[in-house]
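1. After the sequence you'll find the predicted model.
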Amino acid sequence: MDFRFYFLKEGTRIYDKSDLFNFFQSNPNVTLEKRLDDRIYIYHHPILNFEAKFIITSKSCIPHLERLSPKFFDVNFLVEFNILLPTYAVELILDIVEEIVRIFKFHIYNQAFEDVSPFRRAMMIKAFDAWKRAYKDNHEEEIAMYNRLDPQTISQVYGYLLRKPKLELLLDKNKVNISNYFFLHAERSRTAFVAITWDGCSSFILPPAVDILYLDDGKNRKYFPMSEVLQKAERLFRPLDGYGIIQMLDVKNTSKLHKILTKEKFAPLTAELKVLSMDKILDI
């Protein structure tokens, strides 16, 4: 199911369509599809791999347009995206919506609103979250096919993924492993776990929200609860200047961490864990 925001304009439906076309054409992450008389500009996030469709239609698509304030005119333009997107992703879509509203002096409408409104991010997110929760309640079988991370964890994961390209420019990848996330889950549970791999000898970046450290040094292949690792070895990590809660294990401390992992006792992870793709994780 797609969730929609509609664009309207006060006092007139006239705006410079060529400027709107140019706005999308100047974005390298946007492609154009034409469907009969409709123009569909598809925004694809190059890192987080989600889409939003900005659709210029040949006729009005606003439900019950006659109920809205008559001073606003439908400009036959809307944005739609998957109702199951994490709220963090929707915030990024709203960054684009906000810029469009500013440039073209549009207003916004959604069926959750009482009437047409100026761009109000908090209200728009509240409407999206309410529709998403209602969808979850009415489609339990579909939702059960997905795993879950809480919204704060997804925000931290997405935030790191967005900053990772800058880390790759800042740090020598031959000397420091810029950790990649992977995701795990246990059968009969919707809970997802955030994990990284360590080779046992390299300096590496410890991103936020990691639940599990997977040691693969050629001899040992084992999962460790990250909270317990930090209880025993937090002193070995240091904050990465300018990168908030992202931490780093310097090369001088790699042997110390390896010794802790291989010599000390850790609580066993008893559940059988399976790898999970990020597109199978929701924040509800």
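-> Done, it's in. Numbers count the residues shown, from 1 in each chain.

2. for the record, mean pLDDT for stretch 257-265?
-> Across stretch 257-265, pLDDT averages out at 98.

3. same deal with stretch 217-227?
-> Stretch 217-227 shows a mean pLDDT of 96.

4. what comes up buried for that stretch?
-> Y223, F224, P225, M226 (16 or more other CB atoms under 10 Å). Bear in mind the C-beta positions are built from the backbone N, C-alpha and C, glycine included.

5. Would you mind confirming that the first one makes contact with T197?
-> What it means is Y223. No. Here Y223 lies out of contact with T197, judged by CB atoms under 8 Å, at a distance of 10.1 Å.

6. which neighbours do the two share?
-> Taking CB atoms under 8 Å, 6 or more residues apart in numbering as the criterion, Y223 and T197 both touch Y214, L215.

7. which other helices and strands contact the longest helix along the chain?
-> In the chain, with assignment by DSSP state H, the single longest helix is helix 151-170. When contacts are defined as 3 or more CB pairs under 8 Å, 6 or more residues apart in numbering; DSSP states H and E, helix 151-170 packs onto helix 87-104.

8. how about the CA coordinates for the next helix or strand along the chain from the helix it packs on, as CSV?
-> Later in the chain than helix 87-104, the nearest helix or strand by DSSP states H and E is strand 106-109. Presented in CSV, the C-alpha positions along strand 106-109 are these (Å, rounded to 0.1, in the frame of the first residue of the first chain):
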residue,chain,number,x,y,z
PHE,A,106,2.5,24.8,-2.5
HIS,A,107,0.4,23.5,0.4
ILE,A,108,-0.1,19.9,1.5
TYR,A,109,-3.1,17.6,2.1
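
9. Show me what the longest strand along the chain packs onto, helices and strands only.
-> Determined from DSSP state E, the single longest strand within the chain is strand 72-82. For strand 72-82, the elements it packs on are strand 2-10, strand 51-56, helix 87-104, strand 106-109, judged by 3+ CB pairs under 8 Å, 6+ apart.

10. can you pull the buried residues of the helix or strand harbouring A134?
-> Using DSSP H and E, A134 sits in helix 121-138. Neighbour counts over helix 121-138 (16+ other CB under 10 Å) mark M124, A127, F128, W131, K132, Y135, K136 as buried.

11. Could you report the distance from the third one to V90?
-> The reference is to F128. 6 Å (CB to CB, to the nearest Å).

12. Check the second one too.
-> The gap separating A127 from V90 is 10 Å, by CB to CB.

13. ok so, going back, pull the residues that contact whichever helix or strand comes after the longest helix of the chain.
-> Once the chain leaves helix 151-170, the next helix or strand it forms, by DSSP H and E, is strand 176-177. With contact meaning CB under 8 Å, 6+ apart, strand 176-177 is reached by W198, D199, S202, S203, F204, I205, M248.

14. most centrally placed residue in the protein?
-> Nearest to the mean C-alpha position of the chain, counting by CA atoms, centre = their mean, stands A89 at 4.1 Å.

15. Is it correct that it is in contact with L48?
-> Yes. Using CB under 8 Å, A89 is in contact with L48, at 6.1 Å.

16. what is in contact with the two at once?
-> Counting by CB under 8 Å, 6+ apart, the common neighbours of A89 and L48 are Y158.

17. low-confidence ranges in the protein?
-> Across the chain, nothing is flagged by pLDDT under 70.

18. May I see the domains of it written out as residue ranges?
-> The record's domain parsing of the chain by automatic domain parsing lists 2-143, 148-282.

19. Provide the secondary structure category for F23.
-> Using DSSP: H, G, I helix; E, B strand; the rest coil, the structure places F23 in helix.

20. Isn't it up against I103?
-> Yes. Here F23 reaches I103: they are 6.9 Å apart, a contact under CB under 8 Å.

21. Pick out whichever of these two has more residues nearby.
-> The neighbour comparison of F23 against I103 (other CB atoms under 10 Å) goes to F23, with 18 against 13.

22. Distance-wise, check the more buried one relative to E91.
-> Counting by CB to CB - F23 and E91 are separated by 20 Å.

23. Please apply the same query to E33.
-> 25 Å.

24. The two - which one has more neighbours?
-> E91 (16 against 11).
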